[in-house]
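# Here is the input, now give the coordinates:
(one chain, ligands or ions: 1)
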Amino acid sequence: MTHQPMRVAVIGTGYVGLGTAALLAHIGHDVVGIDIDPDKIAALQSGQVPIHEPGLDDLLASVAHRLTWTTAYDAVSAADVVFICVGTPPGPDGSPDLQYVASAAANLAPHLNGHMQVIVNKSTVPIGTGDYVQRLLEEHAPGYDHGRHQVVSNPEFLREGTALADSLYPDRIVLGGAEGAVAKMTALYAPLIEQTFTAPATAPRPDGYTRPAVVRTTLQSAEMIKYAANAFLALKISFANEIAGLCERVGADIEEVATGIGLDQRIGHRFLQAGLGWGGSCFGKDTQGLISAGQEHNYPMPILEAAIEVNYRQRRVIIDKLLRQLKTLKGKKVGILGMAFKPDTDDLRDAPAHDLIQRLTQLGARVTAHDPIAMPRAAREWAHLTYQEAAQVEDVFDRADAVIVATEWTAYRLLDWTAMSGRMRAPVIIDARNIIRTPLDAELEQVGRSTVKGQVLP
Ligand code: UGA
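Below you'll find the predicted structure:
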C-alpha cells in the first residue's frame, strides 16, 4: 500500500513535540513545528536540539528537508493534522495546569479552515480535556465545523532516554475520538502501523518486534489509558520498594525476589526495580492527577495514595540508613552519584537526588555531587541547593565519609568500586539503585550463577 504524505503541525517543542515531529517526518510527512519561544525556534532552525535525547539530533538532521520551525500559528491553516504537544505542569494543588493547552487551542483555532483537519491532544491531559479543547475551538474558530474539525486523543507512551525506540516501535497506538478523525489518524500512522519505514541506524528495530496494536476508543477512554498506564507503572515500582523494605528485615534479596515474581507472565519483570523510587515529570504528576480526578467525583483512590507515600518514603529511608551508619552527618563529606531523575537524560524534575542533597545539607553534611551530563543544568535549576560540583567522578569519593548512588548511569556501573572505595575516609556506600557488582558477582554472572547472602547457588 502506498502512503500519502500529509501536512502536519506540531505545537510545542519539548520532549513530546520534538519526538512526534521527528517520528512523523521520518515516516514521510511534512512537518512544521510551532513554539511560542523564539529562542527555541531559532536554535532548532540552526540545527540545535534544545533537549538531551540520545539519537534525536541525528534523526532530526536526517529529515531536515521535511521539517520547518516557526513561532507563527498561521502554519496551522495548511495542516491536515495538528498535534498539541505542550506542557501540562502540576499546578499548586498537584493537578495539571492546562493553561498552555488552552492557549494552544485558542491560538490555533482562528487558522482552521475549510478542509478536514484533525486536532490531536498528545499532551498528557486530564480526562475531559478533549471536550474542553473542542469547546475552545468552537469559541475561537469563526468557521468551526463539527464535520471537518475533530479532536482526537492520541496519548504518548515514550520514555525520556529511549524516546526514539519507544516512538518508532510502540507496543500500541491509542486513538480516541470520532470515527472519521480516527480513520485519518490511522492513515497518518500507516507507515508506523505497518512498519514500512527504514529503521534509523541509531534506533534499529528490536529483534522479534513486528508491529504495534491499534486501540480505537472514545476520547475519554484514551485519556484514561494514559493516566492509568503511568499510575500502574508507578504502583509497580512502589510495590517493589515496599517489598524491598521487608526483604531487608527478613534477610531476603529484593533483586532475587523481583526476578522470581517477574517471571510470572501475569506480572512481568519490568518496572520492579527497587531503589530510590520514581522521579521525573510524569509518574508523580499523573498519579496525583488521577487522585485529583477521584476527589472531584468524591471517589477516594487509596491504592494510588499509598503508591505516592511509599515513593517519597524511599528518599527518607536512604538518609536514615546513612544516619545509622555515621551516627551524625555534621561536617561529614557525602558524595552523590547521579543528579538526573534517571540515566540518559539531563532532566532534573522531581529527581530524588534533589531531596537527598537538600536533606543532607540540612543535617550539616558537605555534599559533593556528580552527573555525567546534568551538572550544567543543575547549576542553573538547583541554585537554591548547597553542594560542590565534582569535576571528576573521583572527586565524589576523595576523603568522603559516605557515597550514595542516586542514578544508575552505566558509567557508574563500570566504575572500579574497590579502587573508588579506597579513596574514601570510610567505605560507606549506599547503593540506592542496586548497581554495584562485586568481583565475585561478576565472575558468577559469567558462568550463569548468582550469590545469595554469600551462598553460591547452581
Ligand atoms: C514514563 C513512562 O514510562 C512512559 O511510558 C510515559 O510515556 C512517560 O512517563 C510520560 O508520561 O511522558 P519516564 O518518566 O521518561 O517515562 O521514565 P521511566 O523510564 O518510566 O522512569 C520513571 C522513573 O521510575 C525513573 O525515576 C526511574 O528511575 C524509576 N524507575 C523505573 C524505578 O525506580 N524502578 C523501575 O523499575 C523503573
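
# Please work out how many residues are found near the residue in the stretch 1-150 of the chain that the ligand sits nearest to.
Closest contact between the stretch 1-150 of the chain and the ligand, by Cβ to the nearest ligand atom, is at Thr124 (5.5 Å). C-betas here are computed from N, CA, C, even on glycine. Here the count is done by other Cβ atoms under 10 Å, and Thr124 has 22 residues near it.

# what sits against it?
88, 96, 155-156, 226-227, 230, 282, 285-286, 289 (Cβ atoms under 8 Å, 6 or more residues apart in numbering).

# In strands, which of these appear?
Residues of the contacts of Thr124 located in strands (DSSP state E): none.

# Against Val151, how distant is the closest residue to Ser292 other than its chain neighbours?
Closest residue to Ser292 apart from its sequence neighbours, by Cβ to Cβ, 6 or more residues apart in numbering: Ser95 at 4.1 Å. From Ser95 across to Val151, the span is 21 Å (Cβ to Cβ, to the nearest Å).

# between those two, which one's more packed in?
Using other Cβ under 10 Å, the more surrounded residue of Ser95 and Val151 is Val151, with 25 against 18.

# For the longest helix along the chain, buried residues please.
What stands out as the longest helix in the chain, according to DSSP state H, is helix 219-250. For helix 219-250, the neighbour count (16 or more other Cβ atoms under 10 Å) marks 219, 222-227, 229-231, 233-244, 247 as buried.

# and it, average pLDDT?
The average pLDDT within helix 219-250 is 96.

# And for stretch 338-352?
On average, stretch 338-352 scores 95.

# Run through who's touching that stretch.
By Cβ under 8 Å, 6+ apart, the surrounding residues in contact with stretch 338-352 are 51-54, 160-162, 276-281, 284, 314-315, 353-354, 369-371, 373-378, 381-382, 405-410, 412, 432-433.

# These also near the ligand: which ones?
160, 277-280 (Cβ under 6 Å from any ligand atom).

# Please, where are all the helices along the stretch 251-400 of the chain?
Applying DSSP state H, counting those that start in this stretch to the stretch 251-400 of the chain gives helices spanning 254-262, 283-296, 302-326, 352-362, 375-381, 393-397.

# quick check: domain ranges of this protein?
If you go by automatic domain parsing, the domain ranges for the chain are 7-217, 230-443.

# SS state for Gln4?
coil (DSSP: H, G, I helix; E, B strand; the rest coil).

# Please put the alpha-carbon coordinates of stretch 64-81 into CSV.
This file holds the C-alpha atoms of stretch 64-81, laid out as CSV (Å, rounded to 0.1, in the frame of the first residue of the first chain):
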residue,chain,number,x,y,z
ALA,A,64,15.5,18.4,8.0
HIS,A,65,14.2,18.7,4.4
ARG,A,66,10.7,17.7,5.6
LEU,A,67,10.8,19.9,8.8
THR,A,68,10.3,23.6,9.3
TRP,A,69,10.2,25.6,12.6
THR,A,70,8.2,28.7,13.3
THR,A,71,6.6,30.8,16.0
ALA,A,72,3.7,31.7,13.7
TYR,A,73,0.4,29.8,14.2
ASP,A,74,-0.8,30.5,10.7
ALA,A,75,1.2,27.4,9.6
VAL,A,76,-1.9,25.5,11.0
SER,A,77,-4.1,26.6,8.1
ALA,A,78,-2.3,24.2,5.7
ALA,A,79,-2.1,21.3,8.1
ASP,A,80,-4.2,18.1,7.8
VAL,A,81,-3.4,17.1,11.4
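
# could you give the mean pLDDT of it?
Averaged across stretch 64-81, the pLDDT comes to 96.

# what residues does that stretch touch?
So stretch 64-81 is in contact with 6-9, 11, 13, 21, 25, 28-38, 41, 44-45, 47, 60, 82, 107-108, 110-113, 115-118, 120, 184-185, 188, going by Cβ under 8 Å, 6+ apart.
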